[in-house]
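>>> got a structure for you, letters missing:
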Ligand SMILES: [Zn+2]
């Protein structure tokens, strides 16, 4: 895994369609000053972007420990180490995005989390599909 570390105030185009400002932690804590992103996650995101040819909204990528706790994220969340992001493909239902990802999971080499209105992807070593739909999650 190739892990990039950026400063939270840094500006950078990371791939053709993704900018660093989309990956920062959503908190406003002063001590949250760095952003971690794996290269593998960026590659997969661009592949998904190229497939759907629609904008991808990243609703949550890197999270610092404090912010992850604030939003009741999993204690061992892949967002904490820059391995994960939650996405919405504009104009495409979360269901459709998830079906595509599941069909191509081995090629993409990702774990997929199914939520009602967004999709979690991460690049941990195992290929898992977990389903959080209709469990009170938005
Ligand atoms: Zn933070």
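Received, thanks. The model shown is predicted, which means the values in this text are computed figures rather than measured ones.

>>> and the strands in the protein?
3-7, 34-38, 56-60, 84-89, 111-114, 119-122, 129-131 (DSSP state E).

>>> got the angle between the longest one and strand 56-60?
Put simply, strand 84-89 runs at 140 degrees to strand 56-60, going by axes from the mean of the first three to the mean of the last three C-alpha atoms, to 10 degrees.

>>> name every strand pairing with strand 84-89 and say which way it goes.
strand 56-60 (antiparallel), strand 119-122 (antiparallel) (DSSP bridges).

>>> can you tell which of those is closest to the ion?
If you check each of those against the ion by C-beta to the ion, strand 56-60 wins as the nearest, at 10.7 Å. Placement of C-beta: from N, CA and C, glycine included.

>>> what does the protein put close to the ion?
Within reach of the ion by C-beta under 5 Å from the ion, the chain has these residues: 25, 27, 32, 64, 67.

>>> could you redo the last one with a cut-off of 6 Å?
25, 27, 29, 32, 64, 67 (C-beta under 6 Å from the ion).

>>> for ChimeraX, write the selection for the buried entries among those residues.
Burial among the residues of the chain next to the ion is assessed by 16 or more other C-beta atoms under 10 Å; the matching ChimeraX selection reads:
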select :25,27,32,64,67
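
>>> mind putting the residues of the chain next to the ion in JSON lines, pLDDT included?
Below are the residues of the chain next to the ion laid out as JSON lines (pLDDT from 0 to 100):
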{"residue": "25", "pLDDT": "97"}
{"residue": "27", "pLDDT": "97"}
{"residue": "29", "pLDDT": "97"}
{"residue": "32", "pLDDT": "98"}
{"residue": "64", "pLDDT": "98"}
{"residue": "67", "pLDDT": "98"}
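
>>> give me the neighbour count for the closest residue to residue 15 other than its chain neighbours.
Distances taken as C-beta to C-beta, 6 or more residues apart in numbering put residue 46 closest to residue 15, at 4.5 Å, once the chain neighbours are dropped. For residue 46, the neighbour count with other C-beta atoms under 10 Å is 16.
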